[in-house]
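Student: quick one, fold the following:
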Amino acid sequence: MNKHQSLRLAFVIGVLCTPIGAQVPVYDAGVAGDPAVAPDPQTQGWQLWTDGSGINLTPVSPDPGTGLNVWEIADNGPAQDSYAKYNLDTLSFDAIANGTWEYVATMRVTAGSSPVLFIEINTGFTFGDTGYRVRFQIVGNTLRVLGLHAGEVYDCPGALDGQHHTFAIRKTNPAPYSDAEFFYDGVSLGPLGEFAAIGTWTYGLVWGTLEWAGTARARFHKVEFRGLDPIGTAHCLPAVPNSTGSGATISAYGHTNVSHNAVRLEADSLPPNQFGYFLASSTSGFIPNPGGSQGNLCLTGQVARFNRDVQSSGPAGRFTLPVDLSAIPLTPPVAVQPGETWNFQGWYRDQNPTSTSNFTEALRIAFQ
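Tutor: Below you'll find the model as predicted:
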C-alpha cells in the first residue's frame, strides 16, 4: 500500500466511526478580521489537485463590500488541462448514496466564460459510483447552473450582484440513487439527477474548476456538508389498518431549523397504486372516521392540504414530499416560525374492500 492509498484508508476509517448525522469538517474563510487572512483550504483538511498552469489561488480578506473573508480560485488557462479543485474524502459512501444530506457552497462568482466552475459530491472513485454535480457559467448578465444527469439548466436571478449567495445540492429522499435537488439561496430550483462516476480520482466533496477549456473565477466563503437526520415524533398510533393489513406510517427527514427549509415527508405501508396527499396543522386532535373514512384524522384547527401535490403510492406503497416551510398551503399560505410545533399526516384512497379512504399515523415536529 502506497502513501496515497494509506491516506485514503485513514480518511475512510475515520468517517466510518462518525455518526451519519454529525457535521463533517467544512471550509470556512471567516469574516473580516477573524481571522486576519482567509485560511488556505489545505489547513482545514482539504486536498488540492491542480496542474498549476494559469491558476491563481488567493486569500481575499475581506471580499470588498461583503465583510466576508474568501478563498479565490481563478482559472485563467484556456487550455484543456488547466484546473484547480479541492476535495475532502471523509464521507461514508453508504451515507452519501443511501442517506439524506445537503452540500452547500457560499460564494460569489465573478467570471465564467464556460462551465468549468463546479461543486460535486461522489461516493467513490471507480466507474459506476454515484455522484451529483452542478457547473456554473455566466451567460450575459445571468449565472446559469448546469446539471450533469438530464441536462438540467437553472438560472439564478441576482447572483451577479456582488454579494455572496448559497448554492446547495440537497438529498432528502433516502432511497438509493434517487434524485437530489438544487437550491439557490434556500429556494429549490428543481431536481438534480445522480450520475455514474467515470473513474474520477477525486471523490467525497469536490469544488473548484474542471479540466476543461475555459476561464472561471469564484470567491468561496464557506463550503459545508451536513447530514439530514430523521426528525419528528409519531403520535396518534397505530393507524387504522388498510387493505394491506397494516396501518400506514409517516416519517420526516431534514432539519428542525426553519432557516434551512429542509424537511421531507414520507408515507409508507400504503396500499399500492392509490392516490393521496399530506395534511398539516399546528393543532393536533382526534376525529374518528371523518367523511366516512376508515381512518382517524389527528389534526384539528386550520388544516393545510397539500392537494396540489397529489401522488400515487406506486407499486411500493409509498409517497414523499419536500415541504416548503415558507409556504404551508393555508389560505393565505403561512410560513413556519421558530418555536412553533406542526403536525403532519397523510390521507390516501383505498379499496378495502370497496372504495374508501384512510390516514397514516401523525407526526409532530417542533421547529427551531
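Student: where does the prediction get shaky in this structure?
Tutor: Filtered on pLDDT under 70, the chain yields the residue ranges 1-25, 78-80, 90-98, 124-129, 196-202.
Student: so for it, the centremost residue is which one?
Tutor: With distances taken as CA atoms, centre = their mean, the residue of the chain nearest its centroid is R170 (1.0 Å).
Student: okay, and it sits in which element?
Tutor: R170 is located in strand 165-171, with elements delineated by DSSP states H and E.
Student: what's next to that strand, contact-wise?
Tutor: Strand 165-171 is touched from outside by 99-108, 119, 121, 132, 134, 136, 145, 156, 158-159, 178, 180-186, 188, 192, 228, 262, with contacts defined as CB atoms under 8 Å, 6 or more residues apart in numbering. The C-beta positions use only the backbone N, C-alpha and C, and glycine is treated the same way.
Student: out of those, which end up buried?
Tutor: 99-108, 119, 121, 132, 134, 136, 145, 156, 159, 178, 180-184, 188, 192, 228, 262 (16 or more other CB atoms under 10 Å).
Student: given the host helix or strand of V134, what are its sheet partners and their directions?
Tutor: Taking DSSP H and E as the definition, V134 sits inside strand 130-139. Paired neighbours of strand 130-139 in the sheet (DSSP bridges): strand 117-122 (antiparallel), strand 142-147 (antiparallel), strand 195-196 (antiparallel).
Student: mind listing residues that contact the second one?
Tutor: Going back to what we said before, that points to strand 142-147. 109, 112, 115, 133-138, 152-157, 159-160, 167, 182, 184, 189, 192-193.
Student: close enough to count as contact, C156 and F182?
Tutor: No - counting by CB atoms under 8 Å, C156 stays clear of F182, with 9.6 Å between them.
Student: what do the two both touch?
Tutor: With CB under 8 Å, 6+ apart as the test, C156 and F182 both reach V145, F167, L189.
Student: re the thing from before, tell me which residues of the strand holding V134 come out buried.
Tutor: Under 16+ other CB under 10 Å, the buried positions of strand 130-139 are T130, G131, Y132, R133, V134, R135, F136, Q137, I138.
Student: can I get that strand in CSV, CA atoms only?
Tutor: Only the C-alpha atoms of strand 130-139 are listed here, as CSV (Å, rounded to 0.1, in the frame of the first residue of the first chain):
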residue,chain,number,x,y,z
THR,A,130,-23.0,7.6,-7.6
GLY,A,131,-22.3,11.4,-7.9
TYR,A,132,-24.1,14.7,-8.1
ARG,A,133,-22.6,17.7,-9.9
VAL,A,134,-23.5,21.2,-10.9
ARG,A,135,-21.5,23.6,-13.1
PHE,A,136,-21.7,27.3,-13.2
GLN,A,137,-21.5,29.6,-16.2
ILE,A,138,-22.1,33.3,-16.8
VAL,A,139,-24.4,33.9,-19.7
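Student: what angle separates it from strand 165-171?
Tutor: 150 degrees (axes from the mean of the first three to the mean of the last three CA atoms, to 10 degrees).
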